[in-house]
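*Asks:* Please work out how this folds:
(2 chains)
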Protein chains: 2
Amino acid sequence: MLIEVPDSHPRAQSLRIREKLIDGFDKGLVAKAGLIAHGRGECFDYLIGEKTQIFAENATETACVMLLLAQHPVLSLNGNVASLCPDEIIELGKVAEAPLEINLFYRTKEREDALLKHMQEHGAQKVLGLGNDETVQIEELQSKRRIVSKRGIFIADVVFVPLEDGDRTEALVASGKKVITVDLNPLSRTAQKAQITIVDNIVRTVPLMTQMIKEMKNYPQKKLREILTNFDNKKNLQAALHFILQRLKELS
Amino acid sequence: MLIEVPDSHPRAQSLRIREKLIDGFDKGLVAKAGLIAHGRGECFDYLIGEKTQIFAENATETACVMLLLAQHPVLSLNGNVASLCPDEIIELGKVAEAPLEINLFYRTKEREDALLKHMQEHGAQKVLGLGNDETVQIEELQSKRRIVSKRGIFIADVVFVPLEDGDRTEALVASGKKVITVDLNPLSRTAQKAQITIVDNIVRTVPLMTQMIKEMKNYPQKKLREILTNFDNKKNLQAALHFILQRLKELS
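*Replies:* A predicted model of the protein is given here:
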């Protein structure tokens, strides 16, 4: 542990989450830019009260329906996600019947290997986008980030890409995928471009998704479709911003 | 350089600042938690429009007066500050006739040595709080962070402590110092506890201070005292929050 965090510390939970990430950094899973990105997230998490608010619940519910109704859903995974909730994302993959695919902004052989090892230690059976897995390039993307698995994102109709970069989100949308993201900043390009944006902390979102999908397996198709139809991502993002504004007013 | 940042990138300047910090991290100046803290700052800098706004200008002006009128002003320096604006803080120390003192949240011999080397490479003549410099402990502070220089912060009446932790700011205030801070988050404990809070990016603040102090050397004492008297930190923080609220409304 980097520092001892007493329970009395006003930001104890936030600091504990941070330690998971620093641990991931020490294991070679997380890039330096990933640490900085986490800091930006901390700021917005603070602004939404470090709780799953109603707008996040609505987006999460809709995301679960979209995953359930998908032909080829894929859960995309980067170093930050793997550090913050490895067991939880594996569990979600199982209940959503969706493969995991590694998707690195800063792709190096070392980071790939470290991630695969980490996920296997946490019990992952299969992780796409690594090693011998056959990859192809998405035309819409520059740089190494356009590499995706032929059995994963390439054929996916719905992709869950939490904590994603704006360029990549745009490219995935442009290539015809339905994109679900988790982003604490409701103003980010990723948040604005995705079809479903969950404005929440990934450590809260992923277990909630698993729980919701389990419940939804008993829902009639009609109910599932209603949830999808009733969701408006733009309006939901407005609600998130409105919440942040209210909270800032109260804090000030 | 970690990544190439094209000028066309919507966040080019922010990314270039970030690279300075990552460079500082690679040199051993910046702690992992320092990278994360920088991310939080990026978020708030975005919210204030990545520009020195009027509330920042007012606080900066008052801070300059306070430094000019001080008996023993000290500029405190951590790894993030040293990475982001080493030349600029040395220049400020000269015009404000205030020594630099190293002040580390995560104090290790390695980081101390790296910081001293870095500051000397940038032309610093003397840096307090390091090596053979005699240190004492501030009673109000737990942990290694209570170590301060006997010739620096210990005898200082005014301390400039940018990017500071809340505990330490509180302790400095409790020990009777006048504390000037730079903090992009107007809601942080540091921002709330300091006598003067500059809500701005340190890379913009420090050069502006140097420029202002140079001009102020021609001001009559009466004018300087008026600037001090007219400043209200609580009201100024309110103005910063109000600005952020307005901007969020416009962005949404």
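*Asks:* if we look at stretch A:216-235, which residues are touching it?
*Replies:* A:58-59, A:61-62, A:64-66, A:68-69, A:194-197 (Cβ atoms under 8 Å, 6 or more residues apart in numbering or on different chains). Any C-beta I mention is one placed from the backbone N, CA and C, and that applies to glycine too.
*Asks:* ok, for A:Ile89, nearest residue in space, not its chain neighbours?
*Replies:* Counting by Cβ to Cβ, 6 or more residues apart in numbering or on different chains, A:Val206 is the residue found nearest to A:Ile89 once chain neighbours are left out, at 5.6 Å.
*Asks:* Neighbours of that neighbour, how many?
*Replies:* 28 (other Cβ atoms under 10 Å in any protein chain shown).
*Asks:* That one in helix, strand or coil?
*Replies:* Put simply, A:Val206 is helix when judged by DSSP: H, G, I helix; E, B strand; the rest coil.
*Asks:* hang on, isn't it packed against A:Glu88?
*Replies:* Yes. Counting by Cβ atoms under 8 Å, A:Glu88 is a contact partner of A:Val206 at 4.2 Å.
*Asks:* returning to that earlier point: keep only those of the contacts of stretch A:216-235 that are in helices.
*Replies:* A:58-59, A:61-62, A:64-66, A:68-69 (DSSP state H).
*Asks:* quick one: which of those residues is nearest to A:Ile17?
*Replies:* Nearest to A:Ile17 out of the ones in helices among the contacts of stretch A:216-235 is A:Ala59 (Cβ to Cβ; 20.3 Å).
*Asks:* What is the neighbour count of the closest residue to the closest one other than its chain neighbours?
*Replies:* Using Cβ to Cβ, 6+ apart and skipping the chain neighbours, the partner closest in space to A:Ala59 is A:Ile198 (4.4 Å). Under the neighbour criterion other Cβ under 10 Å, A:Ile198 is assigned a count of 32.
*Asks:* So for A:Ile198, what pLDDT did the model give?
*Replies:* We have a pLDDT of 98 for A:Ile198.
*Asks:* Tell me how many other residues crowd the closest residue to A:Met66 other than its chain neighbours.
*Replies:* Distance criterion Cβ to Cβ, 6+ apart; nearest residue to A:Met66, sequence neighbours excluded, is A:Val158 at 5.4 Å. A:Val158 has 23 neighbouring residues, counting by other Cβ under 10 Å.
*Asks:* A:Glu250 now?
*Replies:* 8.
*Asks:* Assign a three-state SS to it, would you?
*Replies:* Per three-state DSSP, A:Glu250 ends up helix.
*Asks:* Could you measure from it over to B:Leu245?
*Replies:* Distance, A:Glu250 to B:Leu245, using Cβ to Cβ, to the nearest Å: 11 Å.
*Asks:* Equivalent analysis for A:Thr62, please.
*Replies:* If you go by Cβ to Cβ, the gap between A:Thr62 and B:Leu245 works out to 29 Å.
*Asks:* So between the two, which is more surrounded?
*Replies:* A:Thr62 (24 against 17).
*Asks:* Now do the contacts for the more buried one.
*Replies:* A:196, A:227-228, A:231 are the contacts of A:Thr62 under Cβ under 8 Å, 6+ apart.
*Asks:* how about the strands of the stretch 1-150 of chain A, start to end?
*Replies:* For the stretch 1-150 of chain A, the strands defined by DSSP state E, counting those that start in this stretch occupy A:73-77, A:100-102, A:127-128, A:135-137, A:147-149.
*Asks:* Check which helices and strands the second one sits against.
*Replies:* If I follow you right, that is strand A:100-102. When contacts are defined as 3 or more Cβ pairs under 8 Å, 6 or more residues apart in numbering or on different chains; DSSP states H and E, strand A:100-102 packs onto strand A:73-77, helix A:86-96, helix A:109-121, strand A:127-128.
*Asks:* Same check on the shortest one?
*Replies:* Of the remaining helices and strands, those touching strand A:127-128 by 3+ Cβ pairs under 8 Å, 6+ apart are strand A:100-102, helix A:109-121.
*Asks:* switch the cut-off to 7 Å
*Replies:* Using 3 or more Cβ pairs under 7 Å, 6 or more residues apart in numbering or on different chains; DSSP states H and E, the elements in contact with strand A:127-128 are strand A:100-102.
*Asks:* what's the strand it packs on in contact with?
*Replies:* With contacts defined as Cβ atoms under 7 Å, 6 or more residues apart in numbering or on different chains, strand A:100-102 is touched by A:74-77, A:89, A:93, A:112, A:115, A:124, A:127-130, A:149, A:152-153.
*Asks:* can you name the two of the residues you listed that are farthest apart?
*Replies:* Spatial extent of the contacts of strand A:100-102 (Cβ to Cβ) is set by the pair A:Gly93 and A:Glu112 at 18.5 Å.
*Asks:* neighbour count winner among those two?
*Replies:* Of the pair A:Gly93 and A:Glu112, A:Gly93 is the one with more neighbours under other Cβ under 10 Å, namely 24 against 17.
*Asks:* wait, isn't that one in contact with A:Leu75?
*Replies:* Yes. A:Gly93 lies in contact with A:Leu75 (Cβ atoms under 7 Å); the separation is 5.4 Å.
*Asks:* Could you list the contact residues of the stretch 151-252 of chain A toward chain B?
*Replies:* By the rule Cβ under 7 Å from any Cβ of the partner chain, the part of the stretch 151-252 of chain A lying against chain B is A:187, A:238, A:241, A:244-245, A:248-249, A:251-252.
*Asks:* Swap in 8 Å and give it another go.
*Replies:* When proximity is defined by Cβ under 8 Å from any Cβ of the partner chain, the stretch 151-252 of chain A lies next to chain B at A:185, A:187, A:189, A:238, A:241-242, A:244-245, A:248-249, A:251-252.
*Asks:* What's the ChimeraX line that selects buried ones from the residues you listed?
*Replies:* Buried members of those, identified by 16 or more other Cβ atoms under 10 Å in any protein chain shown, are gathered into one ChimeraX selection as follows:
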select /A:185,187,189,241,244,245,248
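*Asks:* Many thanks, have a good one.
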